[in-house]
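Visitor: Turn this into a model:
(2 chains)
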Amino acid sequence: MGSNLNAAPNGQTPSRATMDRVRRVFIESLRLNIGEQDLPYEQKLDEVAGLDSIAVIEFVAALEKEFSFEIEPEHLELGFVRDLPQLASYIEQRLARVSPGAQPQE
Amino acid sequence: MPEHVQGVGLSGIEHLDRARSTGKGVLVLTGHFYALRVARRHLATLGYPMLTVRSRQAPDSRAGRLGRRLLHSQLAELRCQTNQDAVYVQDPDCTLKILKRLRSGGMVNILLDSWQGARTVEGSLFGAPYRFSAGLFDIIRLSGCAVIPMLSSGRSTGFHIAFSPMLVLVEAPTRDEFASANLRRLEHVLENQIAAHPEEWTLWVPT
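Guide: Numbers count the residues shown, from 1 in each chain, chains lettered A, B, ... in the order given. Sure, this is the predicted structure:
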């Protein structure tokens, strides 16, 4: 993936590792028959695969299991969870709150 | 405890309060009973607002030309006006809104006897095949919310809202396993409600 990573709306650029991990969870949780290279960081997740309401909650549940926390209610918006950089940035912020200075683990 | 309001009886509110105290939100399961809209409005005035899960319905083929062209849209608008706290299963963010309400400690009302959506679970009702919405099982399983049956009954001479104790459901890692473990319990809830007031269940004629 190129160096032109999109910053999340909060101005923070998430790590490639976190974005890769979110992307992997997305593909695996929805059992998509695509490779990670088919989902560029800047592309909205639902532009790759049509998401119905059930798929959205399956993805959210898989993310929460992967990173071991619940997404706060104010962030349970479709516009938020479909944005890979924004989602990854949020995850890193949440993980930092739990363990300041810790890096997201693979 | 909310005061008794003339004309609307209320029982089992302690079950609802106990469900709310779990902190994971409450899924209120109901069937299609005539008094349900009155029940929702009344509960909202008592401080128990519920997010209602609905489906956008195409005009009924039995409504005739006038019904399809004019009355259906009027009916849809009236329903919307009587309860604006609703989400629609056809919307991709429907389950997110439900989860958001639950995570905020709120209440969500799902009609147990609706099979809206493409994904359903095959069950039975009084021994006859009946489909249930798969989304219902996903929401319960993934949110960990409290689940409580509610039966609303009555006519203009008097209504009654009755809450039953929280359902004790079996946890499972997948939808199929969760449905398999808990479907019969939910079927019993619906059957008991219908058996209690068969004249008030609105789905005897399939649509």
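Visitor: nearest residue to B:Arg18 other than its sequence neighbours?
Guide: For B:Arg18, ignoring the flanking residues on the chain, the nearest one in space by Cβ to Cβ, 6 or more residues apart in numbering or on different chains is B:Met166 at 6.6 Å. The way it works is simple: take the backbone N, C-alpha and C, and place the C-beta from them, glycine included.
Visitor: Count residues in the vicinity of that neighbour, would you?
Guide: By the measure other Cβ atoms under 10 Å in any protein chain shown, the count of residues near B:Met166 is 16.
Visitor: and if you look at the one 3 residues further on?
Guide: Summarising burial for B:Leu169: neighbours were counted as other Cβ under 10 Å, giving 17.
Visitor: Walking through chain A, point out its helices one by one.
Guide: Assigned by DSSP state H, the helices in chain A fall at A:16-29, A:45-48, A:53-67, A:78-81, A:84-98.
Visitor: To B:Arg155, which of the ones you listed lies closest?
Guide: Proximity to B:Arg155, assessed across the helices of chain A by Cβ to Cβ, is greatest for helix A:53-67 (35.0 Å).
Visitor: Let's test this: mean pLDDT of that closest one, rounded?
Guide: Computed over helix A:53-67, the mean pLDDT rounds to 91.
Visitor: Might you calculate how far it sits from the centre of the chain?
Guide: Between the centre of helix A:53-67 and the centre of its host chain there is 10 Å, according to Cα atoms, centre = their mean, to the nearest Å.
Visitor: Can you give me the neighbour number for the nearest residue to A:Phe69 once chain neighbours are set aside?
Guide: If the residues on either side of it in the chain are set aside, A:Phe69 comes closest to A:Arg94, at 5.6 Å by Cβ to Cβ, 6+ apart. Applying other Cβ under 10 Å, we find 16 other residues in the vicinity of A:Arg94.
Visitor: Now do A:Arg94 against A:Leu87, distance only.
Guide: The gap separating A:Arg94 from A:Leu87 is 11 Å, by Cβ to Cβ, to the nearest Å.
Visitor: now do A:Ile27
Guide: Where A:Leu87 is concerned, A:Ile27 sits at a distance of 14 Å (Cβ to Cβ).
Visitor: Run through chain B and note the low-pLDDT ranges.
Guide: When the per-residue scores of chain B are filtered using pLDDT under 70, the ranges that remain are B:1-6, B:58-63, B:79-83, B:116-118, B:205-207.
Visitor: By residue count, what's the longest strand in it?
Guide: Among the segments of chain B that qualify as a strand by DSSP state E, the longest is strand B:146-155.
Visitor: Show me what the next helix or strand along the chain from that one is packed against.
Guide: Sequence-wise, the next helix or strand downstream of strand B:146-155 (DSSP states H and E) is strand B:158-163. Packed against strand B:158-163 by the contact rule (3 or more Cβ pairs under 8 Å, 6 or more residues apart in numbering or on different chains; DSSP states H and E) you find strand B:8-11, helix B:13-20, helix B:36-45, strand B:146-155.
Visitor: anything in the longest helix seen in chain B near chain A?
Guide: Among the elements of type helix in chain B, defined by DSSP H, the one spanning the most residues is helix B:175-196. No: with Cβ under 8 Å from any Cβ of the partner chain as the threshold, helix B:175-196 lies outside contact range of chain A, at a closest distance of 8.8 Å.
Visitor: Buried residues, the helix or strand bottoming out on mean pLDDT in chain A. List them.
Guide: Counting by mean pLDDT, DSSP states H and E, the weakest-scoring helix or strand in chain A turns out to be helix A:45-48, with a mean of 84. Buried residues in helix A:45-48, counted by 16 or more other Cβ atoms under 10 Å in any protein chain shown: A:Leu45, A:Asp46, A:Val48.
Visitor: and A:Val25, how many neighbours?
Guide: Counted with other Cβ under 10 Å, the neighbours of A:Val25 add up to 19.
Visitor: And A:Pro40, by the same measure?
Guide: Close neighbours of A:Pro40, defined as other Cβ under 10 Å, add up to 14.
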